[in-house]
Structures are given as C-alpha cells and as structure tokens.
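Novice: sequence isn't available, so here's the structure alone:
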C-alpha cells in the first residue's frame, strides 16, 4: 500500500513510519525539511510546507496514494488538496477541540473521562482560547467534508524524544542542577492525560489497519493511566535517583510554575482525562510500550544527551529562575507562619463515621 505521511519527523512520526514499513507499505513523507531524522533515510522525502495550499499542490503534484496520514500542517488545506486522491485519510487532531477544555461561560463542562461524543467548540468568539478550539473543530469538519470515510485521532499531551514541548525537562534539569525543591502549582494535583509517542503512533496504526471500522469515526488517544503533575514529577525524579522535594504553592502566587508546568499556561481545565475505550473496543488497540517504561527510556535518553538544549524547543518556556523560586518559597513560608500566629484555629479530632457503643442497646460517647 502506498502511504503518504504528512509530517513524520517529530516525536510520533518515526514510530508511525516504522510501523507502516513493518507492514510492508511503501511510505513517502511530506514535510518542511527542517528535521531529517537519520532513521527515516530509507523512505522517500517530499519537501514543502503543508500549511499552505500552493505549497502542498506544488510538492505533491498529481500524485495519489492508498492512504494519507496527516500528522502536521493545516488540515483545512490538506483535506481538499488530497480529495479524491487517496483511499483512506487519517488526520491527527487534539483534545483542545472539546468544550470545557478551556473553561468558559456557555460551554459544556469537561467531564472525567472525556469520551468522543462530548461536544466540541463551534463558536470561537469571545476568547482567544475558544478561537483555537473552534479552529480545530473546523479542521476536523473539513476532513470529513472532503473525505467521508476519514478518521480523526485526537492526541493528548505527548512525551518522548524530539518533542516540541519537552515538559519533563523542567524536572530533569532541576535534578541535574541539584535543586533541593521544585514548586508545583496547587500541589500538582492536576491530571492531564499523556501519551508515550510510541503509543500515540500505535493508535494511528490501529486506524490505518482497520479502514472499514474506523471510517467516519473519531478516536481519543492516550494512556489508560494518567499521572497527576505531582506523580509525573516525582516519577521522573525517582527514575533519576534524586530526592527532590515537591512544594505546593497556591497558583495565585506560583505564577511561573503555573504558566510553565501546566498545559497552555494553565488556562485549561484542572483535569483533562480522556477515555480511550472506543479505540480499544472497536480497533483492538493495545499499547506498543508500557508508559512507565517509555518514561524511563526518555529519562535515559536525556542521560545520553547531556548537551540537550531546549532553545530548539520554542514552545518550552521554563526560565529556571532559581533565585526567584528561593525568594518566593521563603516569603510564602514566612507569611504562612505570620498568618498562623494571628488567626486562632482549633484542629478537629479524627472521628470514625460509624457508632461505637460500649454496651448493648446504648449509644456511644457521641450519642450515636
């Protein structure tokens, strides 16, 4: 089968390409040429910008394919450009398409977990975040308008080497720098579904392998088990053999931690947990790797790349302002001590919820 992969050079694409090659497919990747992974040297490369219709047309000419996997670029241009020129069209979108991902008046709240039938944002007026969500919904609509049997896979947060936003680097570098603590907004209890790059690719490959079932459908991708931000940070520190104190501060004062550690500068719902039951049930999806093993491998990857430079990841915004963090924590703890000294409080004793009578037919000491 002749397969065109649009993108293919990021954290997930090489896994998709390798999976297709293992199936015996003839793979071509279409990308800007900014990255040339050596492991993809054996496949045909077409260079052009998949964000613009003129560039798409010029790069692809009149070629057609049995399947297209669009992982990068603008779907509103790719979908019509490849209409009638492929048997299967698989598009990768994202979970910010759902109403409630960005909490806003008039939007349906985000349930836990989020299934594929939860409404998406249709009206993007009133807030920049909602405009972003509505553009994702419009892109999905364009896919189905030009490819009735298309499939959309909605990705959550990804982790793996070569990720444009290496969220784990905030923990890895602090451990490397021997920091004694790391500030987490509101204690790091926020839960966002994450997905190892290899497993995200496995979702895509499951769709490609079942066109009759997946045609016209939308599927969430993600791990069955989600880490809280605190779990995520503590697991990475433990894998690195570090004793890193995780200090919870209110997000109102932990501004940098909130806007750098939480997705999209902390503007999303507190918990974004997606259900992947549909893909497991309908496509027979099974993970390619254990997510903990994938995270351990990623930590090892950083160990093999001591010169890692996040400057190549403009989406990464952590400044690692250690003096500022020290001052903030010291000020918070001093303020907490002052407040505790001026406000009289009485600690409530632990009370078992069930009665504990000492004699038959008598109430216990609490009158229960």
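Specialist: That came through, no problem. Predicted model, so just to flag it, every value in this text is computed and none were measured.
Novice: make it CA atoms for all contacts and neighbour counts henceforth
Specialist: Will do.
Novice: relative to the whole chain's centre, how far out is stretch 199-216?
Specialist: 19 Å (C-alpha atoms, centre = their mean, to the nearest Å).
Novice: residues making contact with that stretch?
Specialist: 12-13, 15-16, 19-20, 67, 88, 90, 144, 148-151, 153, 155, 158, 221-223, 279, 282-289 (C-alpha atoms under 8 Å, 6 or more residues apart in numbering).
Novice: one more time with 7 Å
Specialist: Contact with stretch 199-216 is made by 12, 15-16, 19, 88, 148-151, 153, 221-222, 283, 285, 287-289, as judged by C-alpha atoms under 7 Å, 6 or more residues apart in numbering.
Novice: ok, of those, which come out buried?
Specialist: 12, 15-16, 19, 88, 149-151, 153, 221-222, 283, 285, 287-288 (16 or more other C-alpha atoms under 10 Å).
Novice: in the stretch 151-300 of the chain, where is pLDDT below threshold?
Specialist: For the stretch 151-300 of the chain, no stretch has pLDDT under 70.
Novice: 90 instead?
Specialist: 162, 164, 225-226 (pLDDT under 90).
Novice: helices of that one, start to end?
Specialist: 169-176, 197-208, 211-214, 229-239, 255-261, 277-283, 291-304 (DSSP state H, counting those that start in this stretch).
Novice: which helices and strands sit right next to the fourth one?
Specialist: The reference is to helix 229-239. helix 169-176 (3 or more C-alpha pairs under 7 Å, 6 or more residues apart in numbering; DSSP states H and E).
Novice: list the contacts of the helix it packs on.
Specialist: Helix 169-176 is contacted from outside by 233, 236-237, 242, 318, using C-alpha under 7 Å, 6+ apart.
Novice: and residue 364, what is it in contact with?
Specialist: Residues near residue 364 by C-alpha under 7 Å, 6+ apart: 355-358.
Novice: figure out the length between the terminal residues of stretch 189-203.
Specialist: Distance across stretch 189-203, first residue to last, is 27 Å (C-alpha to C-alpha, to the nearest Å).
Novice: before we move on, what about stretch 282-291?
Specialist: End-to-end distance for stretch 282-291: 22 Å, by C-alpha to C-alpha.
Novice: likewise for stretch 15-28?
Specialist: For stretch 15-28, the first and last residues are 14 Å from each other (C-alpha to C-alpha).
Novice: quick one: buried residues of it?
Specialist: Within stretch 15-28, judged by 16+ other C-alpha under 10 Å, the buried ones are 15-21, 26-28.
Novice: got these as JSON lines, with distance to residue 54 and pLDDT columns?
Specialist: Shown next, in JSON lines, are the buried residues of stretch 15-28 (distance: C-alpha to C-alpha, whole Å; pLDDT from 0 to 100):
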{"residue": "15", "distance to residue 54": "29", "pLDDT": "97"}
{"residue": "16", "distance to residue 54": "26", "pLDDT": "97"}
{"residue": "17", "distance to residue 54": "25", "pLDDT": "97"}
{"residue": "18", "distance to residue 54": "29", "pLDDT": "96"}
{"residue": "19", "distance to residue 54": "30", "pLDDT": "97"}
{"residue": "20", "distance to residue 54": "28", "pLDDT": "97"}
{"residue": "21", "distance to residue 54": "29", "pLDDT": "96"}
{"residue": "26", "distance to residue 54": "25", "pLDDT": "97"}
{"residue": "27", "distance to residue 54": "23", "pLDDT": "97"}
{"residue": "28", "distance to residue 54": "19", "pLDDT": "97"}
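Novice: and the two most separated of those residues?
Specialist: 15 and 26 (15.0 Å; C-alpha to C-alpha).
Novice: buried ones in stretch 57-69, by neighbour count?
Specialist: 57, 59-60, 64-65, 67-69.
Novice: then stretch 314-331?
Specialist: Within stretch 314-331, judged by 16+ other C-alpha under 10 Å, the buried ones are 316-317, 325, 328-329.
Novice: contacting residues around it?
Specialist: By C-alpha under 7 Å, 6+ apart, stretch 314-331 touches 164-166, 170, 260, 310.
Novice: quickly list what the residue most central in space within the chain is bridged to.
Specialist: Centroid-nearest residue in the chain, with C-alpha atoms, centre = their mean: residue 157, separated by 0.6 Å. On the basis of DSSP bridges, residue 157 is bridged to residue 194.
Novice: which SS state does residue 325 fall under?
Specialist: helix (DSSP: H, G, I helix; E, B strand; the rest coil).
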